[in-house]
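**Student:** This is a predicted model, with the sequence first.
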Amino acid sequence: MQYEFLKQFPKRMKHVGLYALLFGNSGQKAIWKQYGFESADSQLNLIFAVMLYLMEQSLKEETCMMDDIGAYIDTLNTAYFEKSMSYEDCRRLGDFIVNAVLSNDGRPMYFTGYDFESHTWQRIHISYVANRIIYLDTEVKRTSYYLTDDGYNLLLGTLEIENNMKLTIHEMIFKMHLEKQSYDKAVDEVKHVFNLLRIQLQKIQEAMGRIRRNALNYSVTDYQQILEENMDTIRNTRKQFLEYRDLVKTRAAQMEEEHIHIQKLEPKEEENLGNLRIIEGYLNRAIDEHQKILHQHLDLKALYTKELEELSQMSLIQRFSLRSELFDRVLEDPRALAGMEEFFRPLFLRGPDKIYNLNQALEPQHTIRKKREEDSQEQIDFDEQEWQRQQEQQRVQKMEKYRGCLRYLLERLLVYGEFTLSDCRDDTKEHPQQLKQLVPNVEIFKEVMVELIKSREIDIPALQKERSEFIQEDSGGFRLHEMLLQLLEEAEESGGRKISRIGVTRAAEAETVVFEGVFDEMGQEKAIRCSQLHFWAKQV
């Protein structure tokens, strides 16, 4: 399937159908107007109020007859809606809501959803209310109504689960699927967890934007609510995600070791291994989002405190008119010019002397190169188009150097299958032009090697699958996996062999590898000392 996110699409459309059919059935405005409910808002409010009454009676396993529903609506009307309806009108309105709106006059209700896996339209049955026959005093036969599973799902999706509980619930379900080794379902749940973390981060950013615009428009209640949600998200979440990630890595490694001598895994096992890789990737991203939420949480507290302090200081500022308080009084009495320095002296007060700031001394220090790159991204006003063109040209040239270094390593993998970093050093001594390709400058070479060591083992099909599922914006910087896929696709188009896995391991006891005669970004000649690395590739 080309788009993995379209799996189980009919299941999603059933949740849509629960609302769509309810709104469609309630559109008989002539009946509503007889009882004074003319707007769609008032109609839907009453429908959901009746459904909540049905749910409460169903949960308590008590009878819920039409007389009970009519009495409930009559109580709501007397206390809140204040419509000119009698008890009989309330009973007839309840009969219309239950039998016409929720039960569709006894006719089955269907909503059509497209199944992208089987390429067919699928009819989805929907039922909100069911009834059963009961006997009062063993003789009187009456009808009692209760909610179905669809009715429960509709109501539970409105309010019953609070925002701070959603993450905990999805995390519990994910843990359960992981323990049962239902990795395909665990993938869906870990996606939900990641989406909830991303939504929480966006809420913090939106709150900070509102505070910057006007702190008075952001109430203390909103601030307290988002702080509580942040604390619920931060508390113990990172530790649990790290444990889940270690568990997933262990299971994936065990699965690979068990089938190390088999040419190809069974389809089900291969699918499980692919799902484990996807789960590991999402857990890594969830841990990053957790760290961002922690930093943004602290920034939000500092920003809100700062804005409120500045607003409170504004009340201490005294304003006066220069015309009435200065010019007119000088014209009345020119002798006041002798004390003019007392009036202007506050305008020329020098700022306080700088002192040693211990807080800044304890902050993490950034490298000069990183600061230089941040400065190069600053937007300037003069000759902006020319500056942007130059920046883009420099970025393209830098990306070509990354591609050249990575292309050199891939070409050796396609030819030899495996090699060491010392082999590259020996070849570049005989062919100096290859040294410039492998090491365009010291900084780029180090960054490529560090990214390869951090990745350790790269699953090419998993990366291709992830790229097909998610649309990512071009960051303009170096991304190892993205550039690696591009180079492999170019090699395949030119007739090269396919690679399914790439690995990089470090030989701790081997002697260091030295590259001499290379240059850094400033053009100064350097010598690089690297650990011995072993590169290998598994071909299809």
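**Tutor:** That came through fine.
**Student:** Tell me the helices and strands packed up against the helix or strand where residue 184 lies.
**Tutor:** Assessed by DSSP states H and E, residue 184 sits inside helix 183-213. Applying 3 or more Cβ pairs under 8 Å, 6 or more residues apart in numbering; DSSP states H and E, one finds that helix 183-213 makes contact with helix 163-179, helix 220-234, helix 267-314. Glycine gets a C-beta too; all of them are placed from N, C-alpha and C.
**Student:** Between those, which one is closest to residue 7.
**Tutor:** Residue 7 lies closest to helix 267-314 among the helices and strands packed on helix 183-213, at 12.2 Å (Cβ to Cβ).
**Student:** who does the next helix or strand after the closest one touch, helix- and strand-wise?
**Tutor:** With elements assigned by DSSP H and E, the helix or strand that comes after helix 267-314 is helix 322. In this structure, helix 322 packs against no helix or strand, with contacts taken as 3+ Cβ pairs under 8 Å, 6+ apart.
**Student:** Show the average pLDDT along the next helix or strand after helix 322.
**Tutor:** Next helix or strand after helix 322 toward the C-terminus (DSSP H and E): helix 328-332. Averaging pLDDT along helix 328-332 yields 87.
**Student:** which residues touch helix 328-332?
**Tutor:** Contacts to helix 328-332, defined as Cβ atoms under 8 Å, 6 or more residues apart in numbering, come from residues 336-337.
**Student:** From the chain's centroid, how far away is the following helix or strand past that helix?
**Tutor:** Downstream of helix 328-332, the first helix or strand assigned by DSSP H and E is helix 340-344. In terms of Cα atoms, centre = their mean, to the nearest Å, the centre of helix 340-344 is found 58 Å from the chain centre.
**Student:** ok, now which ones touch residue 197?
**Tutor:** Applying Cβ under 8 Å, 6+ apart to residue 197 gives the contacts 167, 233, 286, 289-290, 293.
**Student:** if we go to 7 Å?
**Tutor:** Residue 197 makes contact with 233, 286, 289-290, 293 under the criterion Cβ atoms under 7 Å, 6 or more residues apart in numbering.
**Student:** Mind telling me what element residue 36 is part of?
**Tutor:** Going by DSSP H and E, residue 36 is not in any helix or strand.
**Student:** now the helix holding residue 184 against helix 220-234, angle please.
**Tutor:** 150 degrees (axes from the mean of the first three to the mean of the last three Cα atoms, to 10 degrees).
**Student:** Renumber starting at 373 from here on
**Tutor:** New numbering, starting at 373: the last item is helix 555-585.
**Student:** List the buried residues for helix 555-585?
**Tutor:** Neighbour-count burial for helix 555-585 flags 555, 558-559, 561-566, 568-569, 572-573, 575-576, 579-580, 583 (criterion: 16 or more other Cβ atoms under 10 Å).
**Student:** Mind jotting down where the helices sit in the stretch 673-822 of the chain?
**Tutor:** 694, 700-704, 712-716, 730-734, 740-748, 756-788, 793-802, 804-810, 814-827 (DSSP state H, counting those that start in this stretch).
**Student:** Now do the strands in the stretch 373-522 of the chain.
**Tutor:** 481-487, 492-498, 501-508, 512-519 (DSSP state E, counting those that start in this stretch).
**Student:** what pLDDT, on average, does the third one get?
**Tutor:** So the one you mean is strand 501-508. Average pLDDT, strand 501-508: 86.
**Student:** Same check on stretch 818-826?
**Tutor:** 86.
**Student:** how about the nearest residue to residue 418 once chain neighbours are set aside, phi and psi?
**Tutor:** Closest residue in space to residue 418, ignoring its immediate chain neighbours: residue 409 at 6.4 Å, by Cβ to Cβ, 6 or more residues apart in numbering. With angles defined as degrees, to the nearest 10, residue 409 sits at phi -100, psi 90.
**Student:** Tally up the residues packed near residue 409, please.
**Tutor:** 22 (other Cβ atoms under 10 Å).
**Student:** what's the answer for residue 804, then?
**Tutor:** Neighbour tally, residue 804, other Cβ under 10 Å: 9.
**Student:** Kindly provide the distance from it to residue 888.
**Tutor:** According to Cβ to Cβ, to the nearest Å, residue 804 and residue 888 sit 11 Å apart.
**Student:** same thing with residue 808?
**Tutor:** 13 Å.
**Student:** More neighbours: which of these two?
**Tutor:** Using other Cβ under 10 Å as the criterion, residue 808 and residue 888 rank with residue 808 on top: 17 against 13.
**Student:** for the more buried one, what are its contacts?
**Tutor:** Residues in contact with residue 808 (Cβ under 7 Å, 6+ apart): none are found.
**Student:** Local confidence estimate at it?
**Tutor:** 86.
**Student:** still on that earlier bit, columns distance to residue 594 on top of the helices of the stretch 673-822 of the chain, output as CSV?
**Tutor:** Formatted as CSV, those follow (distance: least, Cβ to Cβ, whole Å):
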stretch, distance to residue 594
helix 694, 41
helix 700-704, 48
helix 712-716, 44
helix 730-734, 29
helix 740-748, 32
helix 756-788, 38
helix 793-802, 55
helix 804-810, 55
helix 814-827, 40
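**Student:** ok, residue 389 - how many residues close by?
**Tutor:** So residue 389, with other Cβ under 10 Å, has 21 neighbours.
**Student:** Would you confirm that it contacts residue 496?
**Tutor:** Yes. Using Cβ atoms under 7 Å, residue 389 is in contact with residue 496, at 5.8 Å.
**Student:** which residues are common contacts for the two?
**Tutor:** residue 483.
**Student:** Ranking helices and strands of the protein by mean pLDDT, which lands last?
**Tutor:** The helix or strand of the chain with the poorest confidence is helix 740-748; it has a mean of 54 (mean pLDDT, DSSP states H and E).
**Student:** can you tell me how far the residue nearest the centre of the chain sits from residue 664?
**Tutor:** A centroid search over the chain (Cα atoms, centre = their mean) returns residue 570, at 2.6 Å, as the residue closest to the centre. From residue 570 over to residue 664 the distance is 9 Å, taken as Cβ to Cβ.
**Student:** so which of the helices of the stretch 673-822 of the chain gets nearest residue 627?
**Tutor:** helix 814-827 (19.4 Å).
**Student:** and the closest one, what does it pack onto?
**Tutor:** Taking 3 or more Cβ pairs under 7 Å, 6 or more residues apart in numbering; DSSP states H and E as contact, the helices and strands that helix 814-827 lies on are helix 756-788, helix 852-865, strand 871-879, strand 897-902.
**Student:** Same list (the ones you listed) but as TSV, adding mean pLDDT and mean neighbour count.
**Tutor:** Listed next are those as TSV, based on pLDDT from 0 to 100; neighbours: other Cβ atoms under 10 Å:
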stretch	mean pLDDT	mean neighbour count
helix 756-788	84	14
helix 852-865	84	15
strand 871-879	86	16
strand 897-902	86	13
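**Student:** Can you redo these as JSON lines, where the extra columns are distance to residue 712?
**Tutor:** Shown next, in JSON lines, are those (distance: least, Cβ to Cβ, whole Å):
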{"stretch": "helix 756-788", "distance to residue 712": "45"}
{"stretch": "helix 852-865", "distance to residue 712": "67"}
{"stretch": "strand 871-879", "distance to residue 712": "75"}
{"stretch": "strand 897-902", "distance to residue 712": "64"}
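**Student:** just so I know, which of these lies nearest residue 824?
**Tutor:** strand 871-879 (4.5 Å).
**Student:** centre of the chain versus that closest one, how much separation?
**Tutor:** How far strand 871-879 lies from its chain's middle: 30 Å, per Cα atoms, centre = their mean.
**Student:** closest to residue 678 out of the helices and strands packed on helix 814-827?
**Tutor:** helix 756-788 (31.5 Å).
**Student:** Could you check how far the closest one is from the centre of its chain?
**Tutor:** In terms of Cα atoms, centre = their mean, the gap separating the centre of helix 756-788 from the centre of its chain is 30 Å.
**Student:** Cool, thanks, signing off.
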